[in-house]
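Undergrad: sequence-free structure coming up:
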C-alpha cells in the first residue's frame, strides 16, 4: 500500500446506527451518523446531553453493552501501517482483531478518572498492563516505558508516583494517568470522551495543553467529545454538532463557530453568555431537548427552531446532511433560504471530507 | 491603609467599613454584612480513640457587603470554599468565628431589632429566619424527593412554617408555578417526569414560595445544557426584578457570572483574593490568581488562543502553604509572599479589594 498522505481519512463512520432495545421500545441513540476523522487532526463532536456523542465514541471501540447494539453502518479504520482497512462495526466480539484495535490502534480517555482507574491496583500496574497486552516486551521494559510516559504527561516524581494508588492522587493527576494509559501504546487514533469536564479550569487548561502537544508531536488523530464550545474552539480542527442522535452540522472549527449554517448551531452559540451584554436577557432556545423515545417527525429540531416552516420542517423523515459552499455540511431543508449565497454542492464533488470509498473487509481475517 | 497587615496573623478587630467601600451602583444599607467569617473543620485521626490531628480552613476571614437587589458572584475552583462560605452564611453550617449581620424588614422571633447576626443566632431561633433566606441547589436530580409530587415539594416550606390552610397553599403553589414557567397541571406529577431544566424551575419555585429576600444559588445552572441554561438564567434575572431578590451566585463558569453578577468575589483556598465590580474585574483583573483563572477559561473564538500559564494545583486547605496561599503557583511572587499573609484591602486608587502584597505593599516595605 502507498504511504498515507496527511489529511487523508483515518477513521470514517458511515451511516452508523446504535440503538438501545428496551421495554419502552427502540431508542435510537445514534441514528445515521456519518463522520470522517482526518489523519493527524482533531475532530470535536459537540452536543447537549442525549445527543448521542458519547454513544458514537463508545461505538467506535465497540464498547456498547446490551441492550445497546450497533444495528447498522460501518466504522472503517485505515491503519497507518497500511495493513488494509478494517470495518470495526463488523468485527467479531471476541476476535483478535478487535483486541488489537482496542487499546492498540485506537485508545480512549474516559471522562471520570476515578471510575476509569482501578482503585486496587497501582497506577504503574495499570499502565504496564496495557503495554504487556499490546507489545511483546518484558515487565522491566514495560515499567520503564510507563515511567517515561508518566514523565511525558507531566507527573512530577514519576519514579515514586508509579507505585501509588489512584486515591493518593488529585483529580488532575489521575486524569494525567488516564491519558498516559491511553497513549502508552502509541495509538493511531485517540478518543477523548469529555476528558476535562470533571476538572477545574486551570487544570483543564493544563490537560488541554498536554493533549494538544502530544497530539501534534505524535501526529495522533483525535476524536474529542465535549459539550463545551470554548474547549472546541481551542482544540479542534473539524467539528460535528449532534442533536438527537444525528449530525446536524459538520465543518471546520472556524466555519462552525464563526459562521454556522444550521439553526441549532446558530441558536446554541447565541445562548452562551457573552461579553458586553451583561444583565440582558439571553436569546435562549425555546423548550427542551425531547427524549429519544419521542423524537418529533420531520426535522427533529423543528419544535425549537425559529426558522421552522409548517408543512416543510415538520413532515417526512429527518433531513439528510447536505454539502454546501466551502465544503460545509448541514442537515436542514432551509439552509439556502436562511443563508442567501450559500449553495448546495452536488454529491459527486463533495467526497473530499467524507473519504474515498475503501475496499471494505467485512471481517478482517488474520 | 497598609498598616492593618503589620502582623502575619489575622487582625482580630472587625475590618473597618473603609475596606468595603460602597460600589457606585449600591443602594442604601447592606442587606448582609459579613465580617471575618471563618469555617474550620477538624481533621480527626483514624482508630478507636480519635483525636484532632489537623484543621481544614475551608473559609478563612471572609468579609463582604451585599446590597439589596444585587447579585454577588462567588467564584473559584473546587476546594476554594465558595459553597462552604455560602452555606455558612445561611447557617447550614455553624461558623467557627466572625459575624454575618442580616437586615430584615421587621424584627422576628425574640429579636428586638431588625438586624440579626446570622453567625451567632442560637440554633433554636433559626427557624423563624429561614423563610427570609433560601437556597437553590446545583443538581436538580438529587435535590428533589422522587417520592413527592411537585405540589408537595413546593408547598413543603409553607407546611413547615405553618402558613395557610390546604387551599391557600395550593393557590400559592399554582401562582409560583406560573411564575417559574411551569403549568398548574404539572403539580400532581413526580420529579422524574420533568427534564433537567424543568426540575431546576421546581427547585426555584420551592426556594421562592417563602418570598425570601436573600437567595443563594449554588451552581444553579452548572448542571444544565447550554440551551436550557440560558432559559434558567433569564428566569433568575426576571424573578430578581419582580421580587427584588438579592442573590449570592456561587459558580465556576466565568461567562455566566459575568453575565448576571453586579460584583464578584474570587476565592482561592478559603480566602477572598479579589472583590470588585463585575466589569472592572473582568476588564482589569488585578490579583495574579484572578488573571490566571480568567486566561485559563477557553475562549469560544478559535482565533483567541488560551493561556496555559497557571501551573500546579489548588492549595490544600488542610495544609496551607505559609504566607499567601497562592504563592507556590504565583508567577509574580516576591520576597514577602511566603512569609506574610496578605489581608483583603482596598487597592490604592481603586474601589477594588484584593489580598496581594504586590497590589497592597505590606507596611515597612
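TA: Arrived safely, thanks for sending. Just so we're clear, the structure is a prediction, and the values are computed from it rather than from any experiment.

Undergrad: any idea which helix or strand carries the spatially closest residue to residue A:193 that is not a sequence neighbour?
TA: Spatially, and ignoring its direct neighbours in sequence, residue A:193 is nearest to residue A:225 (4.6 Å; Cβ to Cβ, 6 or more residues apart in numbering or on different chains). In this view, the C-beta of every residue, glycine as well, is placed from N, C-alpha and C. Assigned by DSSP states H and E, residue A:225 belongs to strand A:221-226.

Undergrad: Tell me the pLDDT of the residue nearest to the spatial centre of chain A.
TA: With the centre of chain A defined as its mean C-alpha position, the nearest residue by Cα atoms, centre = their mean is residue A:223, 3.8 Å away. As predicted, residue A:223 sits at a pLDDT of 96.

Undergrad: for residue B:5, same thing?
TA: According to the model's per-residue confidence, residue B:5 sits at a pLDDT of 39.

Undergrad: ok, now which ones touch residue B:222?
TA: B:138, B:251, B:252, B:253 (Cβ atoms under 8 Å, 6 or more residues apart in numbering or on different chains).

Undergrad: most neighbours, which of the residues you listed?
TA: Using other Cβ atoms under 10 Å in any protein chain shown as the contact criterion, the top neighbour count among those goes to residue B:251, which has 23 neighbours.

Undergrad: can you tell me the helix or strand for the closest residue to it other than its chain neighbours?
TA: Spatial nearest neighbour of residue B:251, chain neighbours left out: residue B:257 (5.2 Å); criterion: Cβ to Cβ, 6+ apart. Here residue B:257 is covered by helix B:254-260, with elements defined by DSSP H and E.

Undergrad: Contacts for whichever helix or strand comes after that helix next, please.
TA: On the C-terminal side of helix B:254-260, the nearest following helix or strand under DSSP H and E is strand B:263-268. Counting contacts by Cβ under 8 Å, 6+ apart, the residues outside strand B:263-268 that touch it are B:23, B:62, B:64, B:70-77, B:80-82, B:85, B:257-258, B:272-278, B:281, B:287, B:289-290, B:293, B:314-315, B:325-326.

Undergrad: what mean pLDDT does stretch A:105-123 have?
TA: Predicted confidence along stretch A:105-123 averages 88 (mean pLDDT).

Undergrad: swap that for stretch B:63-83, sorry
TA: For stretch B:63-83, mean pLDDT rounds to 92.

Undergrad: near chain A at all, that stretch?
TA: Yes - among the residues of stretch B:63-83, B:77, B:78 lie within reach of chain A under Cβ under 8 Å from any Cβ of the partner chain.

Undergrad: Would you indicate which residues of that stretch are buried?
TA: B:63-77, B:79-83 (16 or more other Cβ atoms under 10 Å in any protein chain shown).

Undergrad: Strands - which of these land there?
TA: Of the positions in the buried residues of stretch B:63-83, B:63, B:64, B:65, B:66, B:71, B:72, B:73, B:74, B:75 sit in strands, assigned by DSSP state E.

Undergrad: Which single one of the residues you listed is nearest to chain A?
TA: Closest to chain A out of these is residue B:71 (9.1 Å), distances taken as Cβ to the nearest Cβ.

Undergrad: List the contacts of the nearest residue to the closest one once chain neighbours are set aside.
TA: The shortest distance from residue B:71 to any non-neighbouring residue, by Cβ to Cβ, 6+ apart, is to residue B:247 (4.2 Å). Residue B:247 makes contact with B:70, B:71, B:72, B:215, B:216, B:217, B:236, B:240, B:260 under the criterion Cβ under 8 Å, 6+ apart.

Undergrad: what's the answer for residue B:46, then?
TA: Applying Cβ under 8 Å, 6+ apart to residue B:46 gives no contacts.

Undergrad: Secondary structure element holding it?
TA: Under the criterion DSSP H and E, no helix or strand holds residue B:46.

Undergrad: swap in residue A:177?
TA: According to DSSP H and E, residue A:177 maps onto helix A:171-183.

Undergrad: buried sites along that helix?
TA: Counting neighbours by 16+ other Cβ under 10 Å, one finds that the buried residues in helix A:171-183 are A:171-183.

Undergrad: what's the closest of those to chain B?
TA: Within the buried residues of helix A:171-183, proximity to chain B (Cβ to the nearest Cβ) peaks at residue A:172, which comes in at 5.7 Å.

Undergrad: Go ahead and confirm the closest one touches residue B:312.
TA: No - the criterion here is Cβ atoms under 8 Å, and residue A:172 misses it with residue B:312 at 9.4 Å.

Undergrad: ok, and of the buried residues of helix A:171-183, which contact chain B?
TA: A:172, A:173.

Undergrad: Can you tell me which of the ones in strands among the buried residues of stretch B:63-83 is nearest residue A:113?
TA: Distance from residue A:113 was checked for each of these by Cβ to Cβ. The minimum falls on residue B:75, at 23.9 Å.

Undergrad: In contact with the closest one, which residues are there?
TA: Contacts for residue B:75 (Cβ under 8 Å, 6+ apart) come out as B:82, B:250, B:251, B:252, B:254, B:257, B:264, B:265, B:266, B:267, B:293.

Undergrad: Among these, which pair sits farthest apart?
TA: Taking every pair in those and measuring Cβ to Cβ, the maximum separation is 15.0 Å, between B:250 and B:293.

Undergrad: Could you report the separation of residue B:237 from residue A:281?
TA: When Cβ to Cβ, to the nearest Å is applied, the distance between residue B:237 and residue A:281 equals 7 Å.

Undergrad: Neighbour count for those two, which is higher?
TA: residue B:237 (19 against 12).

Undergrad: quick one: pLDDT of the more buried one?
TA: What the model reports as pLDDT for residue B:237 is 94.

Undergrad: Next, give phi and psi for it.
TA: Dihedral pair for residue B:237: phi -70, psi -40, per degrees, to the nearest 10.

Undergrad: Compute the distance between it and residue A:273, please.
TA: The separation that residue B:237 has from residue A:273, given Cβ to Cβ, amounts to 11 Å.

Undergrad: intersection of neighbour lists for those two?
TA: In terms of Cβ under 8 Å, 6+ apart, residue B:237 and residue A:273 are both contacted by the residues residue B:260.

Undergrad: now the angle from the longest helix along chain A to helix A:171-183?
TA: Counting residues, the longest helix in chain A under DSSP state H turns out to be helix A:201-218. Using axes from the mean of the first three to the mean of the last three Cα atoms, to 10 degrees, the inter-axis angle of helix A:201-218 relative to helix A:171-183 is 20 degrees.
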